[in-house]
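quick one, fold the following:
(one chain, ligands or ions: 1)
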Amino acid sequence: MTLPSAETKMQFLFALRSRGVTDKRVLEAMEAIDRGKFVRGIFADRAYEDMPLPIACGQTISQPSVVGLMTQALQISPRDKVLEVGTGSGYQAAVLSRLARRVYTVDRHARLTRAAKAVFDELSLSNITPIVADGSFGLPEQAPFDRILVTAAAEDPPGPLLAQLKIDGIMVVPVGQSDAVQTLIKVRRTESGFEYDELRPVRFVPLLEGLGKDG
Ligand code: SAH
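All right, here's what the predicted structure looks like:
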């Protein structure tokens with residue numbers, strides 16, 4: 001995979017901005033992380049288009065503008081500890097790693113976790129910890145988190161994830177049936193409970209129970 005040309009990069013950033021990704025730090029993070037490293041095979045040359053693309057295990061790498069909008073909605077501070085549920089290609093975790101102190105990212109497919117870890121190592125992204133786990137239970141041993149991002153659609157925001165959010169913490173999660181258009185929800189934990197904001201319609205693969213059977 002060759003590096004994207006300056007023009008390709010400019011078009012990529014322009015597409016992000018025109019779809020509402022305006023946060024300077026998020027744009028800088030997305031400029032710094034080469035999406036081409038996370039897409040393999042016949043779709044590799046489409047890595048800089050604003051499209052979701054297929055990856056292994058029947059999963060998808062999210063559309064860059066959706067990655068940008070979700071990252072922006074999280075309002076990450078440099079000292080934050082972030083949990084991502086749904087490592088997939090690892091691209092979203094890599095973007096998060098430029099903004100946060102530490103990123104834990106879990107996937108139910110060991111094969112995806114292995115591939116993502118290889119790219120994190122290649123890019124020297126040493127503040128990401130990839131873990132094979134069913135993320136619907138969160139990551140109790142590292143909880144609580146300042147920010148949680150779920151990149152697979154749940155029917156409701158999973159209870160264990162809500163419980164692992166710090167007070168003033170933010171979680172972004174696509175909610176709805178997997179075969180329909182879902183709604184991206186932003187949840188903020190307050191002293192007394194949770195506040196919910198609907199952000200936009202999205203389409204994600206489903207959050208599934210248990211581990212994938214791919215070794
Ligand atoms: N964030 C990814 C795209 C995620 S696709 C990227 O940047 O490429 C959704 C991912 O969620 C898939 O890899 C799928 O295996 C994973 N997933 C689905 N249910 C899960 C669960 N219960 N726990 C952990 N990962 C899950």
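
what average pLDDT does the longest strand belonging to the chain get?
Longest strand in the chain by number of residues (criterion: DSSP state E): strand 165-175. On average, the pLDDT along strand 165-175 is 98.

so what strands line up beside the helix or strand following that strand?
Using DSSP states H and E, the helix or strand that follows strand 165-175 towards the C-terminus is strand 182-189. Strand pairing for strand 182-189, using DSSP bridges, gives strand 165-175 (antiparallel), strand 194-202 (antiparallel).

how far out from the middle of the chain is the first one?
Between the mean C-alpha location of strand 165-175 and the chain-wide mean there is a distance of 13 Å, by Cα atoms, centre = their mean, to the nearest Å.

so it, near the ligand or not?
No - among the residues of strand 165-175, none lie within reach of the ligand under Cβ under 6 Å from any ligand atom; the closest is 9.8 Å away. (C-beta placed from N, C-alpha, C; glycine too.)

grab the most central residue of this structure for me.
By Cα atoms, centre = their mean, the chain has its centre lying nearest to residue 92, at 3.8 Å.

who's in contact with it?
Counting by Cβ atoms under 8 Å, 6 or more residues apart in numbering, residue 92 touches 62, 67, 70-71, 84, 86, 149, 151.

those in strands, which ones?
With strands taken from DSSP E, the overlap with those comprises 84, 149.

can you list the contacts of residue 92 in a markdown table and add pLDDT, neighbour count and distance to residue 56?
Converted to a markdown table, the contacts of residue 92 look like this (pLDDT from 0 to 100; neighbours: other Cβ atoms under 10 Å; distance: Cβ to Cβ, whole Å):
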| residue | pLDDT | neighbour count | distance to residue 56 |
| --- | --- | --- | --- |
| 62 | 95 | 23 | 15 |
| 67 | 98 | 27 | 18 |
| 70 | 98 | 27 | 22 |
| 71 | 98 | 27 | 23 |
| 84 | 98 | 29 | 18 |
| 86 | 98 | 24 | 14 |
| 149 | 98 | 25 | 21 |
| 151 | 97 | 29 | 15 |
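
among the strands paired with strand 182-189, which is nearest residue 133?
In terms of Cβ to Cβ, the element of these nearest to residue 133 is strand 165-175, at 16.9 Å.

give me the contacts around that closest one.
Residues contacting strand 165-175 (Cβ under 8 Å, 6+ apart): 70, 73-75, 144-158, 161-162, 182-191, 199, 202, 204.
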